[in-house]
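Asker: what follows is a predicted structure for the sequence shown.
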Amino acid sequence: MPERIIKYSEAIQEATDQMMGADPRVFIIGLGVSYPKGADGTTAGLKSTYPERVFDVSVSEHGFTGMAVGAAINGLHPIVHHGRVEFSLLAADQIFTQAAKWNYMFGGGHPVPIVFRINVGRQWGNGPQHTQALYALFGNVPGLKVVIPSSPKMAKGLLVSALKDKNPVVMLEPRWLFNIKQNVPVQLFSEPLDKAVIIKEGAEVTVVAYGDGLFSARESLALVGDTVDIELIDIVSINPIDYKTIFQSVKKTGRLLCVDTTNGAFNVGSEVIAQVARNKSIKLKSNPVALSCPNVPCPTSTALTEFFYPTKVDIANALLSTFKKPLINQTLSFEELHLAPTDTIQ
């Protein structure tokens, strides 16, 4: 089958279009979703194809999210789009207390099939109030399934799975990745909502990452080369976390490095490290390493954000340092540090 290279944002749009065509219960609601290039292109053209199932709304996050939760309880399958994670917090009660708990409150017979698409993370110049990711906040909520697509193919497959699931699913989408490209099958396909993926097999160290952190970890592989034999894992889901895959890998390698693109306190990587440390069957050869952002709000100035997020050089040097290998002395360009990538990945 010939390759078909599309962007991350286009993969989300395609999955939405195909699932709306296959299932009349699916509808989408959110700010700007009816625009010609709505929701950063992820809902482009859907209003003209499904005029009765694409709902643009006023700035009323709590209200329209609650409407969608009620629709899900009554048998529809909404997609709720929040263009920034900070805006979704205005609907926290509906997501964390209503959608996530409803089925548990009524004996397991009242599912809430709803998908919350939430944009997260870095974007040039967005500063402290529009660059948060808050992964740990969503990962900590019982009753939610929480996934983070790291590639166009994963974005399409996970959204399809989410729209076939009977539970509330949160898809946290790093805006940084919206323009990366990949070969994505045109037909409908699904990816498991609870399974980590081994991107590269290796024998000496396990690297666990997700989202835009995984993108940087992929880039670091070329810098390290054959110096260290790295096993790279895309965690995919942070609720639940696929510890079986991680444990098997760390048992083999004896070393662990976790990459987060959010603040270091209470993050996904620290949780993974804690669970590995508690596993008595794992014998570590060195202390686990955690790379993350500082415990301060993300600055706006590029002179400061240059040092905020873990880069491919940071990851490569953390790996080389673990093995007491010579470090890489490389200065990244302004474009590499501050402009969202447009690479085509495998």
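Answerer: Arrived safely. Numbers count the residues shown, from 1 in each chain.
Asker: contacts only, for residue 224.
Answerer: Shown in contact with residue 224 (CB atoms under 8 Å, 6 or more residues apart in numbering): 230, 316, 319, 320. All C-beta spots, glycine's among them, are computed from the backbone N, C-alpha and C.
Asker: how many other residues sit next to the closest residue to residue 131 other than its chain neighbours?
Answerer: Distances taken as CB to CB, 6 or more residues apart in numbering place residue 298 nearest to residue 131, at 4.3 Å, with adjacent residues excluded. By the criterion of other CB atoms under 10 Å, residue 298 has 23 neighbours.
Asker: state the distance from residue 298 to residue 123.
Answerer: Per CB to CB, to the nearest Å, residue 298 is found 10 Å from residue 123.
Asker: overlap of the contact sets of these two?
Answerer: What both residue 298 and residue 123 touch, as defined by CB under 8 Å, 6+ apart, is the set residue 131.
Asker: where does the protein have low pLDDT?
Answerer: Residues of the chain that meet the criterion pLDDT under 70 lie in 1.
Asker: let me see the contact set for the spatially most central residue of the chain.
Answerer: Computing the C-alpha centroid of the chain and ranking residues by CA atoms, centre = their mean puts residue 148 first, at 2.0 Å. Counting by CB under 8 Å, 6+ apart, residue 148 makes contact with 135, 171, 172, 173, 174, 210, 211, 235, 236, 237, 238.
Asker: okay, the first one and residue 264: tell me how far apart.
Answerer: Distance, residue 135 to residue 264, using CB to CB: 12 Å.
Asker: next: the fourth one.
Answerer: Residue 173 sits 22 Å away from residue 264, taking CB to CB as the criterion.
Asker: compare the two (neighbour count), which wins?
Answerer: residue 173 (28 against 14).
Asker: now do the same for the more buried one: helix, strand or coil?
Answerer: Judged by DSSP: H, G, I helix; E, B strand; the rest coil, the three-state class of residue 173 is strand.
Asker: hang on, the earlier thing: tell me which of the contacts of residue 224 fall in helices.
Answerer: The helices, defined by DSSP state H, take in 316, 319, 320 from those.
Asker: which among those residues end up buried?
Answerer: 316, 319, 320 (16 or more other CB atoms under 10 Å).
Asker: distance to residue 87 for those - can I get that in a markdown table?
Answerer: Written out in a markdown table, the entries for those read as follows (distance: CB to CB, whole Å):
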| residue | distance to residue 87 |
| --- | --- |
| 316 | 35 |
| 319 | 37 |
| 320 | 40 |
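Asker: show me the helices in the stretch 101-250 of the chain, by range?
Answerer: 102-105, 135-139, 152-164, 211-224, 243-253 (DSSP state H, counting those that start in this stretch).
Asker: so which of these comes closest to residue 193?
Answerer: helix 152-164 (5.1 Å; CB to CB).
Asker: show me what that closest one is packed against.
Answerer: For helix 152-164, the packing partners by 3 or more CB pairs under 8 Å, 6 or more residues apart in numbering; DSSP states H and E come out as helix 8-22, strand 115-120, strand 145-147, strand 169-174, strand 181-183.
Asker: list the contacts of the second one.
Answerer: Contact partners of strand 115-120, identified using CB under 8 Å, 6+ apart, comprise 12, 30, 39-40, 42, 65, 77-85, 88, 95, 99, 132-135, 138, 159, 162-163, 168-175, 211.
Asker: partners of it in the sheet?
Answerer: Its sheet considered, strand 115-120 pairs with strand 77-82 (parallel), strand 169-174 (parallel) by DSSP bridges.
Asker: got the angle between that strand and helix 8-22?
Answerer: 170 degrees (axes from the mean of the first three to the mean of the last three CA atoms, to 10 degrees).
Asker: CA atoms of strand 115-120 as CSV?
Answerer: Taking Å, rounded to 0.1, in the frame of the first residue of the first chain, the C-alpha atoms of strand 115-120 are listed here in CSV:
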residue,chain,number,x,y,z
VAL,A,115,-14.4,11.9,24.7
PHE,A,116,-12.7,15.0,26.0
ARG,A,117,-10.2,16.3,23.5
ILE,A,118,-7.9,18.8,25.4
ASN,A,119,-5.0,20.7,23.9
VAL,A,120,-2.0,20.9,26.3
